[in-house]
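*Asks:* just coords:
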Ligand SMILES: Nc1ncnc2c1ncn2[C@@H]1O[C@H](COP(=O)(O)OP(=O)(O)O)[C@@H](O)[C@H]1O
Ligand SMILES: [Mg+2]
C-alpha cells in the first residue's frame, strides 16, 4: 500500500498528522481489499464502501483520498445519518442569504467545501430523497446549486460513500433512488466483519497494544497467551473499533507489563452466557480462562 514509505519520509508536522494510518490485515479478504484500494485510489471513480460499523470504512475512505492526486485537497467527512433531515440539503449544498427561515447569512455547503478534494458521505442510506436528487446532479455534472440560488456552481469533487445498510433493499422499498445507487456503485468495496477474518485479530491487537503503551508511556507490554486466546475467540459486534477500545481499556487497567484476561472488558472475558460448568463456577482465579475453556468447548 505504500503508506509505510510515505510515513518514513521526513514530513512537516501537519502533513504527518494527515499521513496514512496503515490499514492492517493479513487475511486473504483484507489483502485483496488493500490491492483494490491501491488500484482504485488514484482514479476519480466514485467508491461505495459496504460493511458493518467499525470495520474500517472511514479509514479506507481517508486512504483513498491520501493515495489520490487530490491528497493535497480537502477530505470532508459527513455523517449523513447524524444530520437532522431538515438540514441535510442546506448543510450539503449550502444556501443563499435568507433562503429559508433562520437562514441568516449565506452558507457554503460541504460539497463545495470538498472542491478539489474528496467528500466522504457516511451512512448514505439515510439521505433523504430530495437531497439524493441533488447529489446525483453533482455526480453527473459537477454542479451544485445552493438553496435559494438559481445559477449552479461547478465543483470538482470525488465522492466516497459508505453504509452498513443493504442499499438494494432500500431501493426496492423506494427509500433510495435506483439511479443514484447505480451512480455510486461504480466501484464497490466490502469491509468484512472482524469475526470473519479472525487471523487479523492478533495483528490488530498487537498494533493497538503498541500504540496504547506508547500513548500512555507504559514501555513494552505484552499479552498473556490466555488473554490473546480470548481476544481471538470473541465475536466483536463492534468490529475493529471494539477491539481498539478493548485494548485501550486493558492497557489502562493493567498494572504490570503483561495484559491478562482480568484486564480485558467483561464482554470479552465471558463472551456468552453459557451453561455453568465445573470450571466456570470457579471465579476466584482466572475467570477469563474458565470462560475461554467453556467457550471453545461449546
Ligand atoms: N484494518 C485496520 N487496520 C487498522 N486500524 C483499523 C482497521 N480497520 C479499522 N481500524 C480502526 O478502527 C476504528 C474504526 O474504523 P472506522 O474506519 O471508523 O470504521 P467504520 O467507518 O466502518 O465505522 C478506527 O479507529 C480505525 O482507525
Ligand atoms: Mg464510521
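*Replies:* Cool, got the structure. These figures come from a predicted structure and were not determined experimentally. Residues are numbered from 1 along each chain as shown. Ligands and ions are numbered 1, 2, ... in the order given.

*Asks:* This structure - how does it break down into domains?
*Replies:* Domain assignment for the chain, taken from automatic domain parsing, gives 3-192, 195-297.

*Asks:* so where's this structure uncertain?
*Replies:* The chain contains residues with pLDDT under 70 at 1-19, 103, 271-298.

*Asks:* which parts of it sit against ligand 1?
*Replies:* 21, 23-25, 51, 53-59, 204, 240-241, 244 (CB under 6 Å from any ligand atom). Every residue, glycine included, has its C-beta placed from N, CA and C.

*Asks:* hang on, the earlier thing: how about a markdown table for the domains of the chain, with mean neighbour count added?
*Replies:* Below are the domains of the chain laid out as a markdown table (neighbours: other CB atoms under 10 Å):
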| stretch | mean neighbour count |
| --- | --- |
| domain 3-192 | 17 |
| domain 195-297 | 16 |
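
*Asks:* for residue 161, which residues make a bridge with it?
*Replies:* Beta-bridge partners for residue 161, by DSSP bridges, are residue 48, residue 121.

*Asks:* Contacts only, for it.
*Replies:* By CB atoms under 8 Å, 6 or more residues apart in numbering, the residues touching residue 161 are 46, 47, 48, 49, 120, 121, 122, 124, 184.

*Asks:* Closest residue of this protein to ligand 1?
*Replies:* Nearest residue of the chain to ligand 1: residue 56, at 2.8 Å (CB to the nearest ligand atom).

*Asks:* okay but that residue is in contact with residue 189, surely?
*Replies:* No. Here residue 56 does not reach residue 189: they are 10.2 Å apart, not a contact under CB atoms under 8 Å.

*Asks:* one step back: nearest to residue 116 among the residues of the chain next to ligand 1?
*Replies:* residue 58 (20.4 Å; CB to CB).

*Asks:* Does that closest one lie in a helix or a strand, and which?
*Replies:* Applying DSSP states H and E as the criterion places residue 58 in helix 57-66.

*Asks:* Equivalent analysis for residue 140, please.
*Replies:* Under the criterion of DSSP H and E, residue 140 resides in helix 129-141.

*Asks:* That concludes my questions; thank you for your assistance.
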